[in-house]
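Peer 1: Only the shape, not the letters, is given here:
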């Protein structure tokens, strides 16, 4: 990255803009499924970054900007101890699982064969672009080496462990792939973060990241994935990290960092176009776009409507004006968490609270911010078991 210490520090923090934002312990769809005693899916396979990672990284192996994820107060809201999730509680993928009457997904690195209901391959700090690209451009300092390609390698190894070594049409492969929901959390934020301060343009990163990510999705679809949800990038300009680092005159209509939100918006436009192309290439599959950008923005416009009293400050952190210090982050013994995380949108400066994930989850699963609506995916699955 940049040669200045500030930019080096940014990498450490920005490294953990990960993926997944769905939270809700009592979603209507979940109760409906329970009442009928039916599970539309037998398993879920999840991919993404720290917003989706349920334990593939921990303090010593995760992004250097957040090196205390194995410590309290991480996980205290729901699990009452750290599970190496980058939040105070459950993530989007946890609530997706609950809404489908499935158990929480085990992280791939710690699954220990307990994969009957799926696996989570997401890695905090993960990128859409292969790690070798950042090494080649001398941008690999303090960067998580895993990418979406790494997650595909893990997924292939998992399939082999299930006996799926030959054609995907074989019985072992059908057992592993049929009745599975593929949930792809946001990924790509770290790619932009890692190039902060370099001469590489946003346009270059966008082009390479989208190309790489599209190849990943094509691989899943060619293997036989029929039900796929793809999360967009969120409004990352609303995170305390971005608010702290950006100049005060770089703001949009909701008070967030305009340049960063525009970056995510531009990325999402290209992503949606690619998903449209994939729907034409794989008409037998249902490919859902989960609009994280507008979900987050909707909450930021009227936070009180969703029960939030604090939109910009981190619940767990220290320092003014956003309760965030890049050198002293959540989990450090000297850093305290707020007593009411359910009233905060942000948890640690980069990741969100369980309460925020719950709201966004409901928008994805039961609202109008998924295209096509998630309920139509469920209806399609029930029509074609």
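Peer 2: On my side now, so go ahead. Here the structure is a predicted model, which means the values were calculated and not measured.
Peer 1: Quick check: closest non-adjacent residue to residue 298.
Peer 2: Closest residue to residue 298 apart from its sequence neighbours, by Cβ to Cβ, 6 or more residues apart in numbering: residue 363 at 7.2 Å. Placement of C-beta: from N, CA and C, glycine included.
Peer 1: ok, which stretches of the stretch 51-200 of the chain are strands?
Peer 2: Along the stretch 51-200 of the chain, counting by DSSP state E, counting those that start in this stretch, strands occupy 118-120, 180-184.
Peer 1: same question, the stretch 251-385 of the chain
Peer 2: 286-290, 310-314, 316-317, 336-337, 344-346, 370-371.
Peer 1: mind checking which of those strands is nearest residue 39?
Peer 2: Residue 39 lies closest to strand 286-290 among those, at 17.1 Å (Cβ to Cβ).
Peer 1: Quick check: can you name the pairing partners of the closest one and their directions?
Peer 2: strand 227-231 (parallel), strand 370-371 (antiparallel) (DSSP bridges).
Peer 1: for residue 80, phi and psi?
Peer 2: phi 70, psi 20 (degrees, to the nearest 10).
Peer 1: That one and residue 114: what is the separation?
Peer 2: 21 Å (Cβ to Cβ, to the nearest Å).
Peer 1: any chance of the strands of the stretch 51-200 of the chain in CSV, with mean pLDDT, mean neighbour count and distance to residue 106 too?
Peer 2: Output for those, formatted as CSV (pLDDT from 0 to 100; neighbours: other Cβ atoms under 10 Å; distance: least, Cβ to Cβ, whole Å):
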stretch, mean pLDDT, mean neighbour count, distance to residue 106
strand 118-120, 97, 27, 6
strand 180-184, 98, 26, 14
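Peer 1: re earlier: let me have the strands of the stretch 251-385 of the chain in a markdown table, extended by distance to residue 170 and mean pLDDT.
Peer 2: Output for these, formatted as a markdown table (distance: least, Cβ to Cβ, whole Å; pLDDT from 0 to 100):
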| stretch | distance to residue 170 | mean pLDDT |
| --- | --- | --- |
| strand 286-290 | 23 | 98 |
| strand 310-314 | 49 | 98 |
| strand 316-317 | 48 | 98 |
| strand 336-337 | 49 | 96 |
| strand 344-346 | 46 | 98 |
| strand 370-371 | 32 | 97 |
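Peer 1: Out of the ones you listed, the one nearest residue 74 is which?
Peer 2: That would be strand 316-317 among these, by Cβ to Cβ, at 8.1 Å.
Peer 1: Can you tell me the strand partners of the closest one and which way each runs?
Peer 2: strand 336-337 (antiparallel).
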